[in-house]
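Trainee: I'll drop the sequence and a predicted model, then ask my questions.
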Amino acid sequence: MEQQITSKEKILKKVRQALNYKSKSSFQNIDLESPIFARPEGETLSEMFVKKFVEVSGSFVYCDNQFDCVDKLLDLIEQRKWKFIFSWEDQVQQLLDDSGITYYDKKENLEKIQVSITGCESLLASSGSILVSSSKNSRILTIWPPVHIVIARRSQIVLDIKESLQIMRNRYGRNMPSMMSFITGPSRSANLPTTQSIDMPEVVIGAHGPVELILFLIDDRKQD
């Protein structure tokens, strides 16, 4: 009697045959090294980033130097009457301490948070995105508050994801952060299906994160 071969055995046999047979790639000459994005002629990385950042509904604040950043930050806090400000990053805390801004650095009263202030790893000119990681801040401060303020420097602007990830590899080596996130504007939903579009907006801002993203960019270099 012939031994009956099950469907599972047939599939495994085909898998083994496929692994033993290595076909030649039809795409051997693909260029995987050249950059995908190109900087527009006559436009700096800073100009390219700011244009993209504003296009995705980010709020941009230019700061001539660190002192100018502190002055504008104080004005914004007073204008908005924020009382529950959270910051967990040493470098940002130092700036807040020097300026006399009161903040929370623990999870107590986190349910009352009005705004978080963080730094970032880099800024992507190609998309207007901000790269943050868990090495300096937990994910909580980038998704929980209604307003997220990022303090960054012009020297942190790179062209694209490839450059930003290379900087991360150079900075951390084998000790890469457990979380890296690219933030592109305030949190928003995808298009929501609805039978009556007039009753529900297609995009909901703040659907799963901050309603407002504000970037304070300190100009630590005059050209790029």
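Mentor: Happy to help now that I have it.
Trainee: For residue 192, give me the pLDDT.
Mentor: pLDDT recorded at residue 192 is 52.
Trainee: low-scoring pLDDT stretches of this protein, where are they?
Mentor: 1-4, 22, 32, 190-202, 204, 206-207, 222-224 (pLDDT under 70).
Trainee: Tell me where it has helices.
Mentor: 7-20, 45-55, 66-80, 90-99, 140-143, 161-172 (DSSP state H).
Trainee: Quick one: closest of these to residue 125.
Mentor: Closest of the helices of the chain to residue 125 is helix 45-55, at 4.0 Å (criterion: C-beta to C-beta). Quick note: C-beta positions are derived from backbone N, CA and C, even for glycine.
Trainee: Give the buried residues for the closest one.
Mentor: 45-46, 48-50, 52-53 (16 or more other C-beta atoms under 10 Å).
Trainee: Equivalent analysis for stretch 36-47, please.
Mentor: In stretch 36-47, counting by 16+ other C-beta under 10 Å, buried: 39, 45-46.
Trainee: Format the residues you listed as CSV; extra columns: distance to residue 84.
Mentor: Shown next, in CSV, are the buried residues of stretch 36-47 (distance: C-beta to C-beta, whole Å):
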residue, distance to residue 84
39, 40
45, 35
46, 32
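Trainee: closest to residue 133 among those residues?
Mentor: residue 45 (20.8 Å).
Trainee: Which residues are in contact with the closest one?
Mentor: Residues counted as contacts of residue 45 (C-beta atoms under 8 Å, 6 or more residues apart in numbering) are 39, 125, 157-159, 224.
Trainee: how close does it sit to residue 39?
Mentor: As defined by C-beta to C-beta, to the nearest Å, residue 45 lies at a distance of 7 Å from residue 39.
Trainee: can you list residues touching both of those two?
Mentor: Both residue 45 and residue 39 are in contact with 125, 159, where contact means C-beta under 8 Å, 6+ apart.
Trainee: Which of the contacts of residue 45 fall within strands?
Mentor: Of the positions in the contacts of residue 45, 157-158 sit in strands, assigned by DSSP state E.
Trainee: ok, of the contacts of residue 45, which one's closest to residue 84?
Mentor: Nearest to residue 84 out of the contacts of residue 45 is residue 157 (C-beta to C-beta; 30.6 Å).
Trainee: Could I get the contacting residues of residue 170?
Mentor: Counting by C-beta under 8 Å, 6+ apart, residue 170 has no contacts.
Trainee: how close does it sit to residue 97?
Mentor: Separation of residue 170 from residue 97 (C-beta to C-beta) stands at 30 Å.
Trainee: just residue 189 next, same as before
Mentor: Relative to residue 97, residue 189 is positioned 37 Å away (C-beta to C-beta).
Trainee: same deal with residue 13?
Mentor: Per C-beta to C-beta, residue 13 is found 68 Å from residue 97.
Trainee: now the buried residues of helix 45-55 as TSV including distance to residue 176?
Mentor: Shown next, in TSV, are the buried residues of helix 45-55 (distance: C-beta to C-beta, whole Å):
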residue	distance to residue 176
45	24
46	27
48	27
49	24
50	29
52	26
53	25
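Trainee: and which of those is nearest to residue 138?
Mentor: Distance to residue 138, by C-beta to C-beta, is smallest for residue 53 among those, at 23.6 Å.
Trainee: Now do the contacts for that closest one.
Mentor: With C-beta under 8 Å, 6+ apart, residue 53 has these contacts: 60, 123, 128, 185, 215.
Trainee: So how do I select the buried members of those in PyMOL?
Mentor: Only the buried entries of the contacts of residue 53 go into this PyMOL selection, using 16+ other C-beta under 10 Å:
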select buried, resi 123+128+185+215
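Trainee: Alright, that wraps it up for me.
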